[in-house]
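Visitor: Compute the structure for the input listed below.
(2 chains)
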Amino acid sequence: MPGTITEDIEIIDAGHGGGTGTPAGGDDDRDSPGARRPVPPRAYFTALQLGLAAIVMFFMALASSYIVRKGLGTDWQRTPMPQVVWFNTAILLFSSVTIVVARRKLESGARESFRTWWSVTTGLGLLFLAGQIIAWRRLAAAGMLLSTNPSSSFFYLLTAAHGMHLAGGIFALLYVAFREWKRSRISQATAAELTAIYWHFMDGLWVFLLVLLTVGR
Amino acid sequence: MVTHEDGGGHGQHHPPSGFIRKYVFSIDHKVIGIQYLCLALFSVFVGMGLSLLMRLHLAWPTAKWFFFKGGLMTPEQYLALMTMHGTIMVFMVLTTAPQSGFGNYFLPIQIGAADMAFPVLNMLSFWTTFLSLLVMLAAFFVAGGAPIGGWTSYPTLSALGEIAGPGQGAGETLWIVGLAIFCGASLMGALNFITTLIDLRAKGMTLGRLPLTCWTWFVTAILGLLAFGVLLAACILLLLDRIAGTSFFVPGGLVITDQVVTWHKGGSPLLWQHLFWFFGHPEVYIAILPGMGVASHLLSTFSRKPVFGYRAMVGAVCGIGFLGFCVWGHHMFISGMSPYSAFAFSILTMTIGVPSAIKTFNWLGTVWGGKITFNCAMLFALGFVSLFVSGGLSGLFLAQPSLDLYLHDGYFVVAHFHLIMGVAAIFGMFAGMYFWFPKMFGRFLSEGVGKVHFWLTFVGVYAIFMPMHFLGLAGHPRRYFDTTAVVYLAKLQPVHVFISIAAFITIGAQLLFLFNFFWSLKAGKEAKEENPWHATTLEWSIPSPPPHDNFGGLEPVVYHGPYEFSVPGAADDYIPQHLAPNLVRKA
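Guide: Purely as a prediction, here's the structure:
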């Protein structure tokens, strides 16, 4: 047991199993120092999950501010939801389907199809962002500006924050498509998987925000 | 598979050539760690300089000084000094040095990795921190000067711009932007730390064999990951209130500087307090936890005994980290919160006493009966325990809502948080510096100068902060520019003079450390052995300073726990973590 005086030296465990369950790569049978293993691809998944946790905390802070600010009460006016937002939502949900198809194509080695479906996903993402800007313009035309009312302030803030995170996703999509992957620490398939997880998450996050902005308004 | 996983040689990166790649935009975690330490060292002297000016004024409020316009400090200047002292110390010193500085340098080595998981992200995280420091310091040089709202920057006054005071204009905007940038930098760092610790441990480095330093860096990174996003959200809301005319934090009908605020209505300043302290309380542990790790590590090493109750220590660190997220309300007892909420926050706050006591008693258990070496590193580690207890006990007073009504916003609070968050954490850094200096730079810090430095600092900080408890008990409010005109406070003026003199001596003593640091870099005693302290962890198995990829392209294998000292039957009184089991026994 670590940290205690061991009565009998023999019971000191030789430490099989490595730092974690699955080894980082290379052979795991050695019992003496060996050549340095590369950073394992799973580190990227760990980092992605941690990044998503931080993003959740950021949006939860905004969402709880929304709920608290609304509860203060006297000056809160409902912000009408521009119709285009529903169209945008459908586009974003559909893009989660196209990214799944794209990854399947990549796994089966159909590179051309992969490129097509990946580009479609990127296009849908850009379309969603354009649609959100149209929603802003509709709201502004109706006289609902950032500072008009706390409800409209939150509408602009939450959509902008989500939009910026989604723009990060679009950057990742382009990066996966155009980077030279041969000399990279991870394969294109792994990078595509990471991007897809992020993309689905942004999709789910948008649905959550939409519920907040409609049911919660 | 389209491309094969893991292409060319990239398990270790090659040493960079050229000054810029090697020392400026370096992706080596050791260089980045030193960069963070230098940033913190610069910041701590700036922060101390600001406190020196404040103490000069508090002790002799009517004396004229050549460095103020007209010889006298203005109330706004005092508040600006106070705000920037707090901000720079909390963010640029207490958050960066123990975690990003020492953590960056030693976490990868102690777990047997060649570098952080994402070296480029690591570099980015440092330079983003550097940018945020520049943006914050720029607040001194804009019209109106630095912000005057304190490091907590409470609205409404922080949200209204220049009408709330000279520094609340451009200075406050820079402050918020600087802080938001810092949030980004800290998130990048936290993500890298956690990933590295989870996925890059060498073979045999199970969680139960992690040095306690690594455990505290790990938990601190988790706190940072979950807390800084919330602060970022709060900063954005505050910035929008200031520049976009929104009303998240500002209620209607305020009269500020004879002006009715008509462009805001309906907001709540308490909302900021909730968001800020949801970050702010974990931030306290971000500052202190790495110090706890270093103290545990050093007390064991220099007592030649295993850490008493390793698992309890790990549990306590995790417990403190978890509870840190449940107690933010104790900063808001006087906000008019429901007594039921206050009661819940009070109980939860006092619960932190349990893991804290576990740690304290285990530190005592660790040194009890040990063969103690009283070198500078050990003295600072013992000093850390002392300050942690002294600062922690006053926390139990402040955790009572009924007592806090009286003590809140007074000098008792100033004494409490300086001892536990400020000075204790800094003692942790000093302990780490005296301990790891030979590994980082291949030379020892001077023990003689170091001991003078320790005793002056140790006695000095108690002389500064102990009397502040009595000021607070006597009802002295904090953040006041001048209290000599208040009858019941005027009598306390001699205490202020005493505190200021103690502060000048203590600040002077830090010049000894600065001298020791730079002199020892050049001319300190050479650390010829790899392991001069006869310590067990992996950093002592490699040359001083360590080579570019730490272990020369090899990956060590770990066979032992981190604190196997004085094991019966072993050849030496310590068993390095990497020592093969067949080499342990006495020949």
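Visitor: other SSEs contacting the longest helix along chain B?
Guide: For chain B, the helix that runs over the most residues, judged by DSSP state H, is helix B:269-303. Based on contacts counted as 3 or more C-beta pairs under 8 Å, 6 or more residues apart in numbering or on different chains; DSSP states H and E, the elements that helix B:269-303 packs against are helix A:42-72, helix B:212-243, helix B:310-323, helix B:353-367, helix B:376-398, helix B:424-441. For the C-beta atoms, the positions are set from N, CA and C on the backbone; glycine is no exception.
Visitor: Out of those, which gets nearest to B:F25?
Guide: Distances from B:F25 to each of these were compared using C-beta to C-beta; the minimum, 20.1 Å, belongs to helix B:424-441.
Visitor: next helix or strand past the closest one?
Guide: helix B:447-473 (DSSP states H and E).
Visitor: circling back: could you dump the helices and strands packed on helix B:269-303 to CSV with mean neighbour count?
Guide: Rendered in CSV, the data for the helices and strands packed on helix B:269-303 read as follows (neighbours: other C-beta atoms under 10 Å in any protein chain shown):
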stretch, mean neighbour count
helix A:42-72, 19
helix B:212-243, 25
helix B:310-323, 20
helix B:353-367, 18
helix B:376-398, 22
helix B:424-441, 25
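Visitor: so can I have TSV of the ones you listed showing distance to A:G123 and mean pLDDT?
Guide: TSV is the format used below for the helices and strands packed on helix B:269-303 (distance: least, C-beta to C-beta, whole Å; pLDDT from 0 to 100):
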stretch	distance to A:G123	mean pLDDT
helix A:42-72	24	97
helix B:212-243	29	98
helix B:310-323	44	98
helix B:353-367	53	97
helix B:376-398	56	97
helix B:424-441	51	97
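Visitor: could those helices go into JSON lines alongside distance to B:D258?
Guide: What follows is those, written out as JSON lines (distance: least, C-beta to C-beta, whole Å):
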{"stretch": "helix A:42-72", "distance to B:D258": "27"}
{"stretch": "helix B:212-243", "distance to B:D258": "20"}
{"stretch": "helix B:310-323", "distance to B:D258": "45"}
{"stretch": "helix B:353-367", "distance to B:D258": "47"}
{"stretch": "helix B:376-398", "distance to B:D258": "36"}
{"stretch": "helix B:424-441", "distance to B:D258": "43"}
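Visitor: For my notes, confirm B:H534 occurs in a strand.
Guide: No: B:H534 is assigned coil when assessed by DSSP: H, G, I helix; E, B strand; the rest coil, not a strand.
Visitor: quick one, the longest helix of chain B and helix B:424-441 angle?
Guide: Counting by axes from the mean of the first three to the mean of the last three C-alpha atoms, to 10 degrees, helix B:269-303 points 50 degrees away from the direction of helix B:424-441.
Visitor: What residues of helix B:269-303 count as buried?
Guide: Applying a neighbour-count criterion of 16 or more other C-beta atoms under 10 Å in any protein chain shown, the buried positions in helix B:269-303 are B:269-303.
Visitor: re the thing from before, out of the helices and strands packed on helix B:269-303, which gets nearest to B:T95?
Guide: B:T95 sits nearest to helix B:212-243 of all the helices and strands packed on helix B:269-303, at 7.9 Å, using C-beta to C-beta.
Visitor: how about low-confidence regions in chain A?
Guide: Counting by pLDDT under 70, chain A has low-confidence residues at A:1-31.
Visitor: Which residue ranges of it form strands?
Guide: For chain A, applying DSSP state E gives strands covering A:34-35.
Visitor: ok, which stretches of it are helices?
Guide: Listed in chain order (using DSSP H), the helices of chain A are A:42-72, A:84-107, A:111-141, A:150-178, A:188-214.
Visitor: May I see those helices arranged in CSV, with distance to chain B as well?
Guide: Converted to CSV, the helices of chain A look like this (distance: least, C-beta to the nearest C-beta, whole Å):
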stretch, distance to chain B
helix A:42-72, 4
helix A:84-107, 6
helix A:111-141, 7
helix A:150-178, 4
helix A:188-214, 6
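Visitor: closest to B:G33 out of these?
Guide: Within the helices of chain A, the stretch nearest B:G33 is helix A:42-72; the backing value is 19.7 Å (C-beta to C-beta).
Visitor: Give me the distance from the closest one to the chain's centre.
Guide: On the basis of C-alpha atoms, centre = their mean, to the nearest Å, the separation between the geometric centre of helix A:42-72 and that of its chain is 11 Å.
Visitor: if I look at the closest residue to B:A523 other than its chain neighbours, how far off is chain A?
Guide: Spatially, and ignoring its direct neighbours in sequence, B:A523 is nearest to B:R443 (7.9 Å; C-beta to C-beta, 6 or more residues apart in numbering or on different chains). Note on B:R443: its distance to chain A, by C-beta to the nearest C-beta, to the nearest Å, is 28 Å.
Visitor: cool, and B:F141?
Guide: In this view, B:F141 and chain A are 30 Å apart by C-beta to the nearest C-beta.
Visitor: what's around whatever residue of the stretch 51-200 of chain B ends up closest to chain A, how many residues?
Guide: In the stretch 51-200 of chain B, no residue comes nearer to chain A than B:D199, which is 4.1 Å away by C-beta to the nearest C-beta. Using other C-beta atoms under 10 Å in any protein chain shown, B:D199 has 22 other residues around it.
Visitor: Over to the one 10 residues further on?
Guide: The number of residues packed around B:R209, counting by other C-beta under 10 Å, is 26.
Visitor: Surely it touches B:P562?
Guide: Yes: counting by C-beta atoms under 8 Å, B:R209 sits close enough to B:P562 to count as a contact (6.0 Å).
Visitor: List the residues that contact the closest residue to B:A381 other than its chain neighbours.
Guide: Leaving aside its chain neighbours, B:A381 sits nearest to B:L298 (4.0 Å; criterion: C-beta to C-beta, 6+ apart). With C-beta atoms under 8 Å, 6 or more residues apart in numbering or on different chains as the criterion, the residues that contact B:L298 are B:A377, B:M378, B:A381, B:A431, B:F435.
Visitor: now the fourth one: how far from B:V497?
Guide: Meaning B:A431. Here the distance between B:A431 and B:V497 works out to 31 Å (C-beta to C-beta, to the nearest Å).
Visitor: that older thread, burial of the residue nearest to B:A523, as a residue count?
Guide: B:R443 has 19 neighbours, counted by other C-beta under 10 Å.
Visitor: per-residue confidence for B:K22?
Guide: According to the prediction, B:K22 has pLDDT 83.
Visitor: Tell me, how many residues neighbour it?
Guide: Applying other C-beta under 10 Å, I find that B:K22 has 14 neighbouring residues.
Visitor: Check B:F343 too.
Guide: B:F343 has 11 neighbouring residues, counting by other C-beta under 10 Å.
Visitor: in a helix, that's where it is, yeah?
Guide: Yes: using three-state DSSP, the assignment for B:F343 is a helix.
Visitor: Hmm, it is touching B:P401, no?
Guide: Yes: judged on C-beta under 8 Å, B:F343 makes contact with B:P401 at a distance of 7.2 Å.
Visitor: element containing the residue of the stretch 401-550 of chain B at minimum distance from chain A?
Guide: The shortest separation between the stretch 401-550 of chain B and chain A is 7.1 Å, found at B:D549 (distances taken as C-beta to the nearest C-beta). Per DSSP H and E, B:D549 falls between elements, in no helix or strand.
Visitor: For it, grab the count of nearby residues.
Guide: Summarising burial for B:D549: neighbours were counted as other C-beta under 10 Å, giving 19.
Visitor: quick one: the residue of the stretch 51-200 of chain B closest to chain A and B:M116 touch, right?
Guide: No: taking C-beta under 8 Å as the contact criterion, B:D199 and B:M116 are not neighbours in contact, 10.8 Å apart.
Visitor: who touches residue 159 in this structure?
Guide: Chain wasn't specified; assuming chain A. If you count contacts by C-beta under 8 Å, 6+ apart, A:T159 has them with A:Q132, A:A135, A:W136, A:L209.
Visitor: think we crossed wires, I meant chain B
Guide: Contacts of B:A159 were listed using C-beta under 8 Å, 6+ apart, and they are B:L238, B:D241, B:R242, B:F249, B:V250, B:H264.
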